[in-house]
Each structure stands twice: as structure tokens, then as C-alpha cells.
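# Pasting the sequence and the predicted model now:
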2 protein chains.
Amino acid sequence: MDVFRVSILGCGSAKPTLRHYPSSQVVDFRGNLFMIDCGEGAQMQFMRMRFKPNRLRHIFISHLHGDHCYGLPGLLSTLGLGGIDGHVAVHLPAEGIRLLKPLVDYSSHDLQVEFLPYEYGRNVIYEDKALTVETVPLRHRLPCVGFVFREKEKLRHINREMVDFHKVPLALLGRIKSGEDYVKPDGTVVPNALLTTDADPSRAYAYISDTLPLKSVVEAVEGADLLYHEATFLGDMQKRAKETYHTTAEEAAHIAAEAGVKRLVIGHFSSRYLDEKPLLEEAQSVFPSTVLAREGLILDV
Amino acid sequence: MDVFRVSILGCGSAKPTLRHYPSSQVVDFRGNLFMIDCGEGAQMQFMRMRFKPNRLRHIFISHLHGDHCYGLPGLLSTLGLGGIDGHVAVHLPAEGIRLLKPLVDYSSHDLQVEFLPYEYGRNVIYEDKALTVETVPLRHRLPCVGFVFREKEKLRHINREMVDFHKVPLALLGRIKSGEDYVKPDGTVVPNALLTTDADPSRAYAYISDTLPLKSVVEAVEGADLLYHEATFLGDMQKRAKETYHTTAEEAAHIAAEAGVKRLVIGHFSSRYLDEKPLLEEAQSVFPSTVLAREGLILDV
């Protein structure tokens, strides 16, 4: 199947530790790289994981807390130094333009950086032939969204034998793959179901950044193949989680279960946890298909 | 002797590598910490070297290239999260306020951050009872200065025997230490030289950031106990060094020799050098008391 892969560059939270980098991930979709969040040091992690800089064309920032965006000036400046004379789009809350653009513009490079503000809400903010990226409104101390990467419906597979048997002209195969029936020169209709088999399923990856646990997220991420959900605290810190607009491991797992996703990866761990195993165990007790994020982890969607 | 110590947090140059952090150092002067430059990741290095955050009250930024200042928002934000309800002064070119203040102000914390713009020139920009910090104008692609940390003249040592012999009242000892003669009640003058011995020498540390090699630097750092000088390139890259307003290892060593400093530490290594030993050898062939900067290196001034 085509590559659709998530790499974790950082999965710590606001207070930095020597065990984690702040939030950043890279989604590799068929060779095109999309970065989600860009905490300080993301460029080092990007380099460490040997990503090709000129494959990165879109960066999505979930919100403007430093641990999600302070790595942006450095990353962009380095991409420019690398002699990329291309174009990078940064999708972020409008306020981020005021905060980050002066700093980014000040460093001299040939890289064209386009800041694309998105509205807080549920909107498709990126689309190409094969993929959409949709924002999911979250509830944090400041405007924050998640992102759902959704593979578009794929073409059906040609049943070579039947196509030959019915003498479907080569030129029509594209339309047959899209689901059209074949009308023979004599007017007979060959239903598409005879000529094709089902397309590969379309996959979805959902990234849920800093937030209180939300029912609306359940709906937005329903059926996703992979869900990343923040799980800053253990269940015994639920009060603290609520005060700081965060989610516990248990709550994240309930969301995964209710949304019927295939797999859950939890991250954004509070610096208080020197060992994240209890977070994993808590989540797995609700939703067994859970893994812990860690720097360098690669997950196929 | 009182602590006067330089710690290297990062000594790479603009293009990041996995071998070096970008520029940042900490000067520990009698328990007070002064940071010089603050490239991305400086806060991680600060943590790694176990510095006490509440000892850091002054940060000096030599110029506004990203590899010297992109770590500032993260460091300040983290200092604030650490529950420091104190005050940090950032000394920087005025332009830096426009670039960095919006981002720093946006992160919520109790830390009071004061931005203190300095003029390009040779000026004392910090002074306390025991120390001055002076800027040294450099020549780089944008306004850039070096910093000289100079211990103030110290008090002379009392010669206890002579002071007792001449029955100098206790109340006058402070003035005697400062160099005054003692006038006896009968009008006889006891020269200070009889009552005291020389003060400990005053030490100086000079940090010379990105620049073409300059004669004026020789004068400004004359006699320093320790000189950090950038040495981005080897001598065979002299043309490239000139084009990019940088210094070669050989040139840095000549400046150290002409200025008669005690020791030289070179840094800001180009990412092209996977091994810095040739830079060291080149500098040592001119000025033997040279060492290579490296992350974690601690030098007593």
C-alpha cells in the first residue's frame, strides 16, 4: 500500500525535560512530508530521522504555545540555508503571523514561506488529489485545533479478466476505476461491480493536540486508523488536567474506544513522569490497542 | 579565588548539525550567571549542565542571526514555568525587541522580562560592584558585538603585622584596603605600601562573536585572561570566510597573539568540519595556548 506514515519527533509537554523534545511529528504521505507542530529542536529531530528537507512543503501548527511552535524560526531558517529555493506553507492561527513572521522574515534565505491562517472550527484547510487535512476544534487555554489527515477515496481495482472478456476499451479504464459502468457499442450495460473489485480502504490519521477531553472529538475522529491523543496526566491527576485544559490517559483511551479507531498513540507527557508505563497501562485498561509515543517512533497508518 | 568561569553550551554555526548546538555560553561570576547568546536548544543545554535557573539574571545577545537568538523564547518561557517570579534582563540590538518581544510576551508566565537595547559601539552595558560588561563592535553581515567581562579592581590585602604595629584603627581598614595611606594622630604618614600587599589581579573574559578579523578587537581584548574567538573556517577557506564575514582559525590565533591574551578558545565551527582538530592545529601553530570549544566544556578565567 502507498506510504502513509507518522513519525514522532517530540512528545513532551510544556516544561522541557532531557527525556523528550516538545511536540512535533512528521506525516509522510506518499513521499510528501507534512509537519504537525514544531517545538524547539524539531529541526534537529528532523535531521536525526534523516527526512529530506525538500520533501517538506506544509507545516501545521495546532496552537501557539511555545512547546508547539518555537522550533519554527529555526527550522525555516535551516531549510533556507539548505539551498531549498522552494516554498513552504505554514498553516497556523492568524495570531501566529504577528508573533512569528517578523522573526522568520528577518533571516535571509531563498525559501518562500507562506503563512496561511486557518479559522478556528472544523474546516478542510489542505487538499490535493489524494489527501485532505481537516481541523478539529479543541478546548485549551487558547485557540487550539487537531488535524485529521484523510486519504481520499481511492480508485477501484480493475478485474483484468472481466475487462478483457467484455472488450472494454483501454481509454475507458480510468472511468471504470472511478466506478462507472461500461456501456457496450450495442447498448448493453456491464455493471461496474462486474468489472472491478473494491478499492483499498481510505485511511485516516487524527492528531488531537492539547485539549480537555471532548465528545466532539469522538465524532471527528470516528473510525480513524490511527489516533494520536494527548494524555498529559494519569487519571489521579484529573483535577489538575481539567485546570490546565488537558486530558488524562484514561480519558484519551475512552475517546479512542468510543470513536472506534483502530489504534491509539498517546503523548504530550507531563514532565513529572520519569516513566510513562503507568500512562500506557491506564490507557490500555480501557483501550488495549494503545502505544506510547516516543522520539523516533514510526507508525504506519 | 572567586569563581569566574565560562561554560560552553553550544559552539556550532548557522547550519545546525547533530554534533553541535548553536552558540550559547554561560559565565558564572561569583555565583551569578550571565548567558551569552542563546541559540536553539540553549535551554536544554542549560538544564543538562545543571545550572540554577534562578541564578540567571542577564542574557547578552551578540546579534540577531538565528543561531545566536532563536533559543530565547523557549528559555524565557521555561524560566517562567519554573516558578521564577523574578526578573531577567535581555541585552540585545534594538531590532531584536521588534522581532522577539511579541513572541516572548505571548507566553504566559510570572517572569518579568526586560529588553535592554544596546548601541552598536564600545560601551559598558552592565555594571555591578565587582564586574563590568563592555560591548566591542564587530563586523558581520548585520550589526554584531562582542562582550568583555571585566572584573573590577580588587581591594589590596592588609598586612596584619604592620597594621597592628602602627595601631591602625579597625574602622579605617576599608580605606586602607582601597589604597589610602594612614595618618597617625601625631600627623605622621604611614604609606599604604607598608600596610598592604597587592590586590589579586582582576580577570577578564572576552567573547568575540561572528566577525571579520579586526585590529580594533586586538585592542579591546588586550591582556584578557581568556579570549573566545569565532573561527568558523580553516585558513584555506579564507576567501569564503571574508565573503561571509567570518574569521579563520589562523586569524583568530593571530588576534590572540597580538592582544597578548593568556588563553584562546575557538568555536563557531562550520558544519563542514566533521573533525575540528585541523582548526585547533592551525590556531596552535600561531598561538599554542589554544583549546577547542565543545559542548559541556568549562573554563576558569
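Sure thing, it's come through.
# Can you pull the residues of the stretch 51-200 of chain A lying near chain B?
Contacts of the stretch 51-200 of chain A with chain B, taken as CB under 8 Å from any CB of the partner chain, map to A:64-66, A:70-71, A:73-74, A:77-78, A:81-82, A:95, A:98-100, A:102-103, A:106-108, A:141. In this view, the C-beta of every residue, glycine as well, is placed from N, C-alpha and C.
# Report the rounded mean pLDDT for the helix or strand in which A:Gln284 is found.
Under the criterion of DSSP states H and E, A:Gln284 resides in helix A:277-286. The average pLDDT within helix A:277-286 is 98.
# So which residues make contact with stretch A:160-170?
For stretch A:160-170, contacts defined as CB atoms under 8 Å, 6 or more residues apart in numbering or on different chains pick out A:173, A:176, A:182, A:184, A:190, A:194-195.
# quick one: buried residues of that stretch?
Neighbour counts over stretch A:160-170 (16 or more other CB atoms under 10 Å in any protein chain shown) mark A:162-163, A:168 as buried.
# That one: end-to-end distance?
Terminal residues of stretch A:160-170 are spaced 11 Å apart (CA to CA, to the nearest Å).
# just stretch A:53-62 next, same as before
21 Å.
# Turn the buried residues of stretch A:160-170 into JSON lines, including secondary structure and pLDDT.
Putting those into JSON lines (DSSP: H, G, I helix; E, B strand; the rest coil; pLDDT from 0 to 100) gives the following:
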{"residue": "A:Met162", "secondary structure": "helix", "pLDDT": "94"}
{"residue": "A:Val163", "secondary structure": "helix", "pLDDT": "93"}
{"residue": "A:Val168", "secondary structure": "coil", "pLDDT": "94"}
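# For chain B, state which of the residues you listed is nearest.
Minimum distance to chain B across the buried residues of stretch A:160-170 is 52.2 Å, recorded for A:Val163 (CB to the nearest CB).
# Look up how far A:Asp198 lies from the closest one.
Computed as CB to CB, to the nearest Å, the A:Val163 to A:Asp198 distance reads 16 Å.
# just A:Arg98 next, same as before
For A:Arg98 relative to A:Asp198 (CB to CB), the value is 48 Å.
# try A:Leu72
Distance of A:Leu72 to A:Asp198, given as CB to CB: 41 Å.
# neighbour count winner among those two?
The residue with more neighbours, out of A:Leu72 and A:Asp198, is A:Leu72; 28 against 9, by other CB atoms under 10 Å in any protein chain shown.
# who's in contact with that one?
A:38, A:42, A:59, A:61, A:90, A:100, A:104.
# Show me what the first one bridges to in the sheet.
Using DSSP bridges, the beta-bridge partners of A:Cys38 come out as A:Ser24.
# Which residues are in contact with it?
A:24, A:59, A:61, A:68-72, A:75 are the contacts of A:Cys38 under CB under 8 Å, 6+ apart.
# A:Arg50 and A:Leu172, how far apart?
If you measure A:Arg50 against A:Leu172 using CB to CB, the figure is 43 Å.
# Give the other helices and strands that the helix or strand harbouring A:Gln43 contacts.
Per DSSP H and E: A:Gln43 is located in helix A:42-48. For helix A:42-48, the packing partners by 3 or more CB pairs under 8 Å, 6 or more residues apart in numbering or on different chains; DSSP states H and E come out as strand A:4-10, strand A:24-29, helix A:72-81.
# Tabulate those (JSON lines), appending mean pLDDT.
Below are the helices and strands packed on helix A:42-48 laid out as JSON lines (pLDDT from 0 to 100):
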{"stretch": "strand A:4-10", "mean pLDDT": "98"}
{"stretch": "strand A:24-29", "mean pLDDT": "98"}
{"stretch": "helix A:72-81", "mean pLDDT": "91"}
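# what are the ranges of the strands in the stretch 201-301 of chain A?
A:204-208, A:226-230, A:263-267, A:290-292, A:298-300 (DSSP state E, counting those that start in this stretch).
# Then the stretch 1-150 of chain A?
A:4-10, A:24-29, A:32-38, A:56-60, A:87-93, A:112-118, A:124-127, A:131-137, A:145-151.
# can you list contacts of the shortest one?
Going back to what we said before, that points to strand A:124-127. A:34, A:58, A:60, A:91, A:116, A:118, A:132-135.
# if you set the cut-off to 7 Å instead, what comes out?
A:58, A:91, A:118, A:132-135 (CB atoms under 7 Å, 6 or more residues apart in numbering or on different chains).
# and those residues as JSON lines, adding neighbour count?
Shown next, in JSON lines, are those (neighbours: other CB atoms under 10 Å in any protein chain shown):
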{"residue": "A:His58", "neighbour count": "21"}
{"residue": "A:His91", "neighbour count": "23"}
{"residue": "A:Tyr118", "neighbour count": "20"}
{"residue": "A:Thr132", "neighbour count": "15"}
{"residue": "A:Val133", "neighbour count": "24"}
{"residue": "A:Glu134", "neighbour count": "19"}
{"residue": "A:Thr135", "neighbour count": "23"}
